[in-house]
Structures are given as structure tokens and as C-alpha cells.
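**Student:** The amino acid sequence is not available; the structure is as follows:
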């Protein structure tokens, strides 16, 4: 009873296999709906909740899960068009992860003196987003930075203003007397 040729599936089985490969979401959704109907039918025949629980656990809950899984498969197949979108996103992520890194650290800002706001405690580069579009931002030289004890902005990390800080103006009023020599007696 030896066979010369292995048996091949019939035409109907080949068609079913092809349909399962082409429409897995629809078959999963249909199987879930069938399980939900069978679970509902089983639950409807039982009066006590304790006797309904096996139908819920073995048919209705898995059926609902299959319906959700089928809907996800259908949506993924329709939006992905065969996975081209996913492959494109994976390639993009790979190029971002493996690509050459850009220069590290803050880039030199546009030319111009640092800027400060009248009531601010920081000085900024002219392109800093914290002062962009603010009309009150004024140039801050070394004297202003020293006078107001301005700190560099942690966002834009500006270079210190050029030039030495100006000396503090002399105090108004009479000059202080030198201390008197202590006399001993």
C-alpha cells in the first residue's frame, strides 16, 4: 500500500487556506461572534448565576476577545497595506538610532550681545525662546550683568558678555574717617 505521490489537499482546502491567509481578521471576528452567540445561548438556559459562569468563562469572554482581535487585524491590514507603513517606520527609527550624531553641546548663537529683561535674573542669547518676541528685552553688557547679578540662562547657555565689568560707583556722602588710634593710659 505504498503511494507514489503524496496526497495533496483538495481544491476546497486550498481555497480555505488561501482565504485564512488573506482575511485572518474576518475569520477571527466571525469565530468570536460565534463564541459569543454560543455563550449567550448557554447562559440563557440557566437560571442561577453560579451555573451561568462556565458559559461566560468558556465562551462569551473569549468570544469578545476574538472580536477585538479580529477588529485589530482588520484595521491593521487596511491601514498598513501589507506592512509597508510599518517597514518604513522601522527603517526611519533604525536610521535615527544608527545615524551619525549631530554636534554635541549648544551651538553658537547669532551675533549680537546677550539680552536681559528689566525684571529678569538671567541673560540670554538673542535666539533664546525665553526672550523671543519680547519687546522689553534689552542688550546686556558686562556692567549690567555685574550690577544686577544676572546669571546665564540654562536653556540657551549664552557666552558671558564681552568687556570687563564696570567698577561700582562711589558711595554718596562724606568720606569715611580713618579709625582713631587707640591710646593707652
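**Tutor:** Noted; the coordinates are in hand. Every value quoted in this text rests on a predicted model; they were computed, and no experiment measured them.

**Student:** Quick check, residue 148 in contact with residue 116.
**Tutor:** Yes. Counting by C-beta atoms under 8 Å, residue 148 sits close enough to residue 116 to count as a contact (7.5 Å). For every residue, glycine as well, the C-beta is placed using N, CA and C.

**Student:** which one of those two has more residues nearby?
**Tutor:** residue 116 (24 against 15; other C-beta atoms under 10 Å).

**Student:** Was I right to think the more buried one contacts residue 144?
**Tutor:** Yes. At 6.5 Å, residue 116 counts as touching residue 144 under the criterion of C-beta under 8 Å.

**Student:** Touching both of these two, which residues are there?
**Tutor:** Residues touching both residue 116 and residue 144 (C-beta atoms under 8 Å, 6 or more residues apart in numbering) are residue 150.

**Student:** quick one, helices of the chain?
**Tutor:** With DSSP state H as the criterion, the chain has helices at 11-22, 24-44, 49-55, 61-80, 84-98, 142-148.

**Student:** Ok, which of those helices comes nearest residue 112?
**Tutor:** helix 142-148 (14.7 Å; C-beta to C-beta).

**Student:** Might you quantify the distance of that closest one from its chain's geometric centre?
**Tutor:** Centre-to-centre, helix 142-148 and its host chain are 40 Å apart (C-alpha atoms, centre = their mean, to the nearest Å).

**Student:** elements contacting it?
**Tutor:** strand 115-116 (3 or more C-beta pairs under 8 Å, 6 or more residues apart in numbering; DSSP states H and E).

**Student:** Just the mean pLDDT for stretch 27-35, thanks.
**Tutor:** What stretch 27-35 shows for mean pLDDT is 92.

**Student:** Which of the residues in that stretch are classified as buried?
**Tutor:** The neighbour-count check on stretch 27-35 (16 or more other C-beta atoms under 10 Å) flags 27-29, 31-32, 35 as buried.
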